[in-house]
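[1] Pasting the sequence and the predicted coordinates here, then a few questions.
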Amino acid sequence: MKAVSGFSKMTKEQKINWLSGELEGEASELVANMPMYWHQDTNIQKRLDEFSENTLTNFNLPFGISPNFLINGKHYSVPMVIEESSVVAAASLGAKFWIERGGFTSKVISTKKVGQVHFIWQGEKQKLNSFFSKIKEELLLSVHHLAVNMEARGGGILSLELIDMTEQLENYYQLKLNFNTCDAMGANFINSILEEIASNLKQKASLESNFDPDERDLNIIMCILSNYTPECLVECSVECPIEQLGIFAGGMGPREFAQRFSTAVKIAEIDPNRAVTHNKGIMNGIDSVVLATGNDFRAIEACAHAYAARDGQYRSLSSVSVKDDIFKFSIRIPLAVGTVGGLTTLHPLAKTSLAILERPSAPQLMQVMAAVGLAQNFSAVKSLVTTGIQKGHMKLHLLNVMNQLGATPSQIEKGKEYFSDKVVSFSSVRSFLDSIKHLQ
Ligand code: MEV
């Protein structure tokens, strides 16, 4: 493939033609067919195109609903966007299981977001401390115009501190700010404030009479929010008397289940190999809601995993207790999300998701996401310690393979029956379909 200049300036059609022309055979044809996935409504398509750059077409993902979530006494049907089979089914099963046992209790512990101005300054620390104490209020006042709307909604800057990082990196300091961004994710708000504060800090340092000439040159390295928000934290739990857990596959009783389940969760607390997969199951649920509501799944993922490793070892985000005959399963996870601004209002389906959730505040959305993560985790670990995960997965896998091989509805029915007690593989399904090809 050749290098290209001016690609971003081409129209969408020109981009597709150029790329298709650079490829051969099937690849060229596949690219040429991309307009097939454009939205029929040109206004919607234009909006989707504008979310990103160099767009050629849309990448579709299934949008599903997981009903029967009872969270803090309120019923939710939760929108989930995910390409992996079994995830929505598992969340729905988890929700249904717990709706019969009192539902989920979810609580937001705090909603602090964080921003940092990273800078280098050479001089006596004490001088910088006195300078900072002297100008701190002025710095805050200097960004008042940017914070005034957020303050009117009850948010704004919560704190501003100078952090000495010189032990870790020579002459390196930070201004660390905590924010309350109300129902917004707040990235733009935070970054604008940081940049304004940084420029005022630099300017004030350049005029500081107590500084030597060299010290007046305060070097701003960067200003950016931190996606590590351990104090934007939500907790969610389910609990019931052990006997009410019921009987599981193969006749497993509630006590044996509680024992096996809690051992599985404890393994994820001590073994990072298992913890990553355990948390991946939690994130299957959370990311699906993050995507459906137009939130930033990369930020959520990065933060969740950093939090899971906060004591130096990567551990399970959920925990279990079996005490006084009560089985309790809970999760604590930082979730910095928004329900206003950004994609949440611009993407038509993100807007629809939030409408389905009855226009939650950001803290309510945190509670819903934590409940979906917990339900997902409950169903996955329940399968793992009872039937094994493949039984459920294979049903959907079988359906996918049969569809890929062009099976008719009656062949699919026969296939489900035939494979109910057999291992599913692509070749075994193909042989089976060959053997019943006379059946339409
Ligand atoms: C698969 O996407 C997720 C699971 O592996 C999670 C787990 O093992 O707990 C089933």
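    Nice, I can see it.
[2] what's across from Ile120 in the sheet?
    Tyr172, Asn219 (DSSP bridges).
[3] the helices in the stretch 251-400 of the chain, which residues?
    254-270, 272-292, 297-308, 343-346, 348-356, 362-385, 390-404 (DSSP state H, counting those that start in this stretch).
[4] Before we move on, what's the pLDDT of the closest residue to the ligand within the stretch 201-350 of the chain?
    Taking Cβ to the nearest ligand atom as the measure, the stretch 201-350 of the chain has Gly281 as its residue closest to the ligand, at 2.8 Å. C-beta here means a position set from N, CA and C on the backbone, and glycine is covered the same way. Per-residue confidence at Gly281 stands at 98 (pLDDT).
[5] where's Ser86 relative to Lys395, distance?
    9 Å (Cβ to Cβ, to the nearest Å).
[6] the more surrounded of those two?
    Ser86 (21 against 17; other Cβ atoms under 10 Å).
[7] Hmm, the residue of the stretch 201-350 of the chain closest to the ligand is touching Gln376, no?
    Yes. With contacts counted by Cβ atoms under 8 Å, Gly281 reaches Gln376, the gap being 5.9 Å.
[8] Tell me which of these two has more neighbours.
    Between Gly281 and Gln376, counting by other Cβ under 10 Å, Gln376 is the more crowded of the two (30 against 23).
[9] gap between the residue nearest to the more buried one when sequence neighbours are not counted and Ser66?
    Once flanking residues are discounted, Gln376 sits nearest to Gly285: 3.1 Å by Cβ to Cβ, 6 or more residues apart in numbering. Distance of Gly285 to Ser66, given as Cβ to Cβ: 8 Å.
[10] Pull up the residues of the chain that are close to the ligand.
    Residues of the chain lying close to the ligand (Cβ under 6 Å from any ligand atom) are 84, 277-278, 280-281, 284, 380-381, 384, 389.
[11] quick one: which of those is nearest to Glu301?
    Lys280 (9.9 Å; Cβ to Cβ).
[12] how many degrees apart are the helix or strand bottoming out on mean pLDDT in the chain and helix 362-385 in direction?
    Sorting the helices and strands of the chain by mean pLDDT, DSSP states H and E puts helix 390-404 at the bottom, at a mean of 82. Here helix 390-404 runs at an angle of 100 degrees relative to helix 362-385 (axes from the mean of the first three to the mean of the last three Cα atoms, to 10 degrees).
[13] Now find how far off-centre helix 390-404 is within its chain.
    27 Å (Cα atoms, centre = their mean, to the nearest Å).
[14] Could you give the number of residues near Arg332?
    17.
[15] Quick check: chain neighbours aside, which residue is closest to it?
    Counting by Cβ to Cβ, 6+ apart, the residue nearest Arg332 is Glu235, at 4.9 Å.
[16] Show me what stretch 313-328 is in contact with.
    237-243, 245, 254, 258-259, 261-262, 265-266, 268-270, 272, 275-276, 278-279, 282, 304-305, 307-309, 329-333, 373-374, 377 (Cβ atoms under 8 Å, 6 or more residues apart in numbering).
[17] let me fix that: stretch 390-404
    With Cβ under 8 Å, 6+ apart as the test, stretch 390-404 has contacts from 85-86, 89-90, 383, 411-412, 415-416, 419, 423-424, 426, 429, 433.
[18] try it again with 6 Å
    With contacts defined as Cβ atoms under 6 Å, 6 or more residues apart in numbering, stretch 390-404 is touched by 85-86, 383, 412, 415, 419, 424, 426, 429.
[19] Just the buried residues from the contacts of stretch 313-328, in ChimeraX please.
    In ChimeraX syntax, the buried subset of these is picked out as below (16 or more other Cβ atoms under 10 Å):
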select :237,238,239,240,242,245,254,258,261,262,265,268,269,275,278,279,282,304,305,307,308,329,330,331,332,333,373,374,377
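[20] Show me what Val78 is bridged to.
    Judged by DSSP bridges, the bridge partners of Val78 are Ser66.
[21] Can you tell me how far it is from Leu141?
    As judged by Cβ to Cβ, Val78 and Leu141 stand 43 Å apart.
[22] for Leu158, same thing?
    When Leu158 is compared with Leu141 (using Cβ to Cβ), they lie 16 Å apart.
[23] out of those two, which sits in the busier spot?
    Taking neighbours as other Cβ under 10 Å, Leu158 and Leu141 compare with Leu158 leading, 14 against 11.
[24] name the element that one belongs to?
    strand 156-164 (DSSP states H and E).
[25] Could you pull out the buried residues of that strand?
    Under the neighbour-count criterion of 16+ other Cβ under 10 Å, strand 156-164 has 156-157, 160, 162 buried.
[26] Determine the set of other helices and strands touching it.
    Applying 3 or more Cβ pairs under 6 Å, 6 or more residues apart in numbering; DSSP states H and E, one finds that strand 156-164 contacts strand 172-180.
[27] Take the strand it packs on, keep the C-alpha atoms, and write them as CSV.
    This file holds the C-alpha atoms of strand 172-180, laid out as CSV (Å, rounded to 0.1, in the frame of the first residue of the first chain):
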residue,chain,number,x,y,z
TYR,A,172,9.2,17.9,39.8
TYR,A,173,6.1,19.2,41.4
GLN,A,174,2.4,19.0,40.8
LEU,A,175,-0.7,21.1,41.5
LYS,A,176,-3.3,18.5,42.3
LEU,A,177,-7.0,19.6,42.1
ASN,A,178,-10.1,17.7,43.1
PHE,A,179,-13.3,18.5,41.4
ASN,A,180,-17.0,17.8,41.6
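[28] So for it, mean pLDDT?
    98.
[29] Start the count at 29 instead of 1 going forward.
    Sure, I'll start counting at 29 from here, so that last one is strand 200-208.
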